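Enquirer: dropping a prediction and its sequence here:
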Amino acid sequence: MEEKRLIRESSSFVGFNRKRAEGRDRSAFPKELLLNSKSRKLNPINTSSYLQILGIGMDTQDTSPSILLFFDKQRFIFNAGEGLQRFCIEHKIKLSKIDHIFLSRVCSETAGGLPGLLLTLAGIGEGMSANIWGPPDLKYLVDAMKSFVPNAAMGHAHCFGPPPVSDGVAVHNTWKYDDPLVLIDDEVIKMSAILLRPNCSESYISVIYVLELPEIKGKFDPKKADDLGLIPGPKYGELQLGNSVMSDRHNIMVHPSDVLGPSTPGPIAILIDCPTSSHLQELLLVKSLLSYYEDMSDNQEGGSKTVNCVIHLSPASLVNTGDYRKWMSRFGGAQHIMAGHETKKTEVPILESSARIAARLNYLCPQFFPAPGFGSIQSPKRPASGLTVSSEGTVEKHCERVSAENLLKFYLRPIAQLGLDRSSIPTVSAPSEIVDELLSEIPEIEEAAQRVALLLHGGNETREEMASVKDNEIMNKDVQLDENALPSCLKDINREDTEIVFLGTGSAQPSKHRNVSSIFINLFSKGSLLLDCGEGTLSQLIRRFGMKGADDAVRGLRFIWISHIHGDHQIGLIRLLAQRRKLLKGTAHEPLIVIGPWPLKRFLDSYIIEDLDLLFLDCRHTTEDSLDAFQSNQQRSTPQSSSDFEIINGYAGSETSINIPTLTKLKKILGEAGLEALISFPVMHCPQAFGVALKAADRISTVGETIPGWKIVYSGDTRPCLNIIKASHGATATFEDGLLEEAIAKNHSTTTEAIEAGEAAGAYRVILTHFSQRYPKIPVFDETHMYNTCIAFDLMSVNLADLHVLPKVLPYLKLLFKNELIVDEPDDMIIVTEID
């Protein structure tokens, strides 16, 4: 087997973790971690409690916001879209306190961040796992996640509602969708679920969650108790708990109402997710909500329940219709919070820390760090106040409605604070303010920005000017930076050829400053491709290119290549594929080819919740040997048998039978994209981990000269190994030299090893990425061999036409972060992109 051969050959010259490479390392999770359901000592009913908008997606519009229900010792999260854990880290929301996760729908929009969140919760190692609640399709999501999420991290899944559809045929049952389901009922909260499922065949279930906090008993009156013959003692407590007791001095029963003042009803909140007009028609008919409508109080025994807050996760296209607004008015004076992710686009960055770094980098070098591509989005017009006229011409009662803002709170307890609280809403820092702060902190950065601009526009610096950059010892091999030493493949290259955009440059889990792995290769008029697709990739595309630009980028994808099954490299794939299908719906298009390791296919096949519109191709069938065998097959004069599959390169069984039609399509796509070859190669990290080499086709210059195509090599996660050298470039590193022992344990590379591997292969440029999250902003590195190397940051964009000057920017980056070369977060790996 290729992987075992690689391990044997490479182990002779480099340290590595054999158990991890062979998939036998169980050190990722504590041995004592047990799948105990989270159960904490519950708070008294008069504790602090609030609902809070966690505004993921409010700036990028690609995922549903989450809602936090907070108690002093418990946390409930509603929906877990991509970016949730990064958001929680940014805003110091303790992940370890999350006891329950509820989904209003089961899809990538609401659950794309769930796998990463579960992995992180398990890594915390408290010995308890979260409870996950959702409608029947949750079963399919859980089954799919088992392909890469260990059992120790899976949590406890609770599916409610009717059995899911089996093989396209609904299972016969007596379930009534209008029946409310009580999910939790304790001294802190009663939580019920009401299911909406339209009759149309393609519709899916959405959930209404009703949250009812218990009433607060009236004040105990000792005088009344004494008058009724009670002696102070345990019976006082029983009465306060709502139990009747026998009088000590009289032959009568004493009831709680005899000695307690009037009770204060507990607050009630409702979360509504009504995604389509079909669901809206069902919502208007739900009988389970009748007791919460103010206009039904005369028909309900004891009157209707008073709803204090309604949070709407429904899209703007529905909440602004007459039917929906009329339905909202039935809750009387309830506060309505419009939180649907299409309802309002905030101009305040949701991830302020990374936005601040982006603004600083943009000031220093706008060519490599363009300004964010956000475009303005028109917010829907909203009723000002008073009465509203519906589309049917009827007058509706005014509703107290506000647009959700990031970290907006609605207090439920204490009762004196009941209502909205805006004190936590972040304030916006304009880019100009960030730059002013930077100039005050590092005055010399102004001159540095001018020098960088000179570099990028054809100017040259003197040795004296380079030496004036503090502590710069990088440029000790000037011959490598001589523009006359450009490789022939970059001769006369124009800015519309190729651009490399680093969407995520961190590892293991997202952090405040770096998202997880993804590299976007922009081929401009010839389309684009992705190398790895970690959680939040779609959001990062939007942050880089804006809404329209990101949509165009997703439509133009030629293929996606995934290096290995670890979550930080592929969790964002489902959301991006779902978005592509949505964008191309109704237009003629081909399924997108996804190239990845075989375990990824098991995950994609198990995920039957959404149609992802893809063709899968095993990385093993894009290795050099496999492609040679495929080429030989194509050149045979005698037609092959009618089968579309052939076993080649020593592989056997259905898992490794090569799909000849898909390889044929890939070859055609590569040609249309101006690429000559895509070759995957095994690396030393975990079972079925790969790197990839992309070779561009030769081109003809304006004077008729043939110019060889460029070559980009992406190493994936690996220890240094022979296959990387053989592929001509590539390496990974997340750890400084002092952490070499950890790098070996996790089968990653140090920065020094990555640079040395690129140097040994004769790489023209080495770009280090996929850094450990212990490097929050810039890693610690040895400058001795950095003459042809640079460090990647999120949203960094490297046009091949600028590649020659890239290392010259490094000392200025170090100057920009001179006060922040300190480590402070988790740990893991890196990747290298190189050009030949």
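Expert: Great, that's in hand.
Enquirer: excluding chain neighbours, what is closest to Ile500?
Expert: Spatial nearest neighbour of Ile500, chain neighbours left out: Val798 (4.6 Å); criterion: CB to CB, 6 or more residues apart in numbering. All C-beta spots, glycine's among them, are computed from the backbone N, C-alpha and C.
Enquirer: the one you found contacts Phe368, correct?
Expert: Yes: contact criterion CB atoms under 8 Å: Val798 and Phe368 qualify, at 6.4 Å.
Enquirer: quick check: neighbours shared by those two?
Expert: Residues touching both Val798 and Phe368 by CB atoms under 8 Å, 6 or more residues apart in numbering: Leu806.
Enquirer: just to be sure, the residue nearest to Ile500 is in a helix?
Expert: No: judged by DSSP: H, G, I helix; E, B strand; the rest coil, Val798 forms no part of a helix; its state is strand.
Enquirer: distance-wise, check it relative to Phe369.
Expert: Distance of Val798 to Phe369, given as CB to CB, to the nearest Å: 10 Å.
Enquirer: show me the helices in the stretch 551-700 of the chain, by range?
Expert: Per DSSP state H, counting those that start in this stretch, the stretch 551-700 of the chain carries helices over the ranges 567-570, 573-584, 598-606, 624-635, 660-672.
Enquirer: mean pLDDT for those helices - can I get that in a markdown table?
Expert: Shown next, in a markdown table, are the helices of the stretch 551-700 of the chain (pLDDT from 0 to 100):
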| stretch | mean pLDDT |
| --- | --- |
| helix 567-570 | 91 |
| helix 573-584 | 96 |
| helix 598-606 | 94 |
| helix 624-635 | 82 |
| helix 660-672 | 94 |
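Enquirer: any stretches of the stretch 601-750 of the chain with poor pLDDT?
Expert: Along the stretch 601-750 of the chain, segments meeting pLDDT under 70 span 635-658, 719-720, 725, 728-750.
Enquirer: could you redo the last one with a cut-off of 90?
Expert: 624-661, 683-689, 700-704, 713-750 (pLDDT under 90).
Enquirer: the strands in it, which residues?
Expert: Along the stretch 601-750 of the chain, the segments classed as strands by DSSP state E, counting those that start in this stretch run 614-618, 645-646, 658-659, 675-682, 690-696, 699-700, 706-707, 711-714.
Enquirer: can you list those strands in CSV and add distance to Asn406?
Expert: Converted to CSV, the strands of the stretch 601-750 of the chain look like this (distance: least, CB to CB, whole Å):
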stretch, distance to Asn406
strand 614-618, 33
strand 645-646, 51
strand 658-659, 45
strand 675-682, 41
strand 690-696, 38
strand 699-700, 47
strand 706-707, 49
strand 711-714, 35
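Enquirer: redo those strands as a markdown table? Include mean neighbour count and distance to Glu294.
Expert: Below are the strands of the stretch 601-750 of the chain laid out as a markdown table (neighbours: other CB atoms under 10 Å; distance: least, CB to CB, whole Å):
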| stretch | mean neighbour count | distance to Glu294 |
| --- | --- | --- |
| strand 614-618 | 19 | 49 |
| strand 645-646 | 15 | 64 |
| strand 658-659 | 20 | 60 |
| strand 675-682 | 21 | 62 |
| strand 690-696 | 25 | 61 |
| strand 699-700 | 13 | 71 |
| strand 706-707 | 12 | 74 |
| strand 711-714 | 25 | 60 |
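Enquirer: out of those, which gets nearest to Leu438?
Expert: Nearest to Leu438, of all the strands of the stretch 601-750 of the chain, is strand 711-714, at 32.3 Å by CB to CB.
Enquirer: can you check what pLDDT the model gives Ser263?
Expert: We have a pLDDT of 82 for Ser263.
Enquirer: next, count neighbours for it.
Expert: Ser263 is flanked by 15 other residues according to other CB atoms under 10 Å.
Enquirer: and it, how far from His457?
Expert: Taking CB to CB as the measure, Ser263 and His457 are separated by 74 Å.
Enquirer: Arg514 now?
Expert: Using CB to CB, we find Arg514 at a distance of 29 Å from His457.
Enquirer: compare the two (neighbour count), which wins?
Expert: Using other CB under 10 Å, the more surrounded residue of Arg514 and His457 is Arg514, with 27 against 9.
Enquirer: what's the pLDDT at that one?
Expert: On pLDDT, Arg514 comes in at 90.
Enquirer: next, it: phi, psi?
Expert: phi -130, psi 130 (degrees, to the nearest 10).
Enquirer: what about the closest residue to Gln74 other than its chain neighbours, which helix or strand?
Expert: Ranked by CB to CB, 6+ apart and with sequence neighbours excluded, the top spatial neighbour of Gln74 is Asp99, at 5.2 Å. Using DSSP states H and E, Asp99 sits in strand 98-102.
Enquirer: outside of that strand itself, list whatever touches it.
Expert: Here strand 98-102 makes contact (CB under 8 Å, 6+ apart) with 38-40, 74-80, 114, 117, 121, 130-134, 155, 184, 207, 209.
Enquirer: who's in contact with the closest residue to Glu610 other than its chain neighbours?
Expert: With sequence-adjacent residues excluded and distances taken as CB to CB, 6+ apart, Glu610 is closest to Ala578, at 5.1 Å. Listed by CB under 8 Å, 6+ apart, the contact set of Ala578 reads Cys107, Ser108, Glu109, Glu610, Leu612.
Enquirer: look up the closest residue to the last one, ignoring the ones flanking it.
Expert: In this structure, Leu612 finds its nearest non-sequential neighbour in Leu577, 4.1 Å apart by CB to CB, 6+ apart.
Enquirer: and the one you found, how many neighbours?
Expert: Neighbours of Leu577 (other CB under 10 Å): 26.
Enquirer: can you check Pro661 too?
Expert: Count around Pro661 with other CB under 10 Å applied: 11.
Enquirer: hmm, back to that, so which of the contacts of Ala578 wins on neighbours?
Expert: Highest neighbour count within the contacts of Ala578, by other CB under 10 Å: Ser108, with 27 neighbours.
Enquirer: looks like the residue nearest to Leu612 contacts Leu614 (just checking).
Expert: Yes: look at Leu577 against Leu614 with CB under 8 Å: they come within range, at 5.9 Å.
Enquirer: pull up the overlap in contacts between these two.
Expert: With CB under 8 Å, 6+ apart, Leu577 and Leu614 have common neighbours Leu592, Val594.
Enquirer: what pLDDT does Ile252 get?
Expert: For Ile252, the model assigns a pLDDT of 93.
Enquirer: state the distance from it to Gly691.
Expert: Ile252 is 84 Å from Gly691, by CB to CB.
Enquirer: equivalent analysis for Leu531, please.
Expert: Applying CB to CB, the value for Leu531 to Gly691 is 10 Å.
Enquirer: this completes my enquiry, with thanks.
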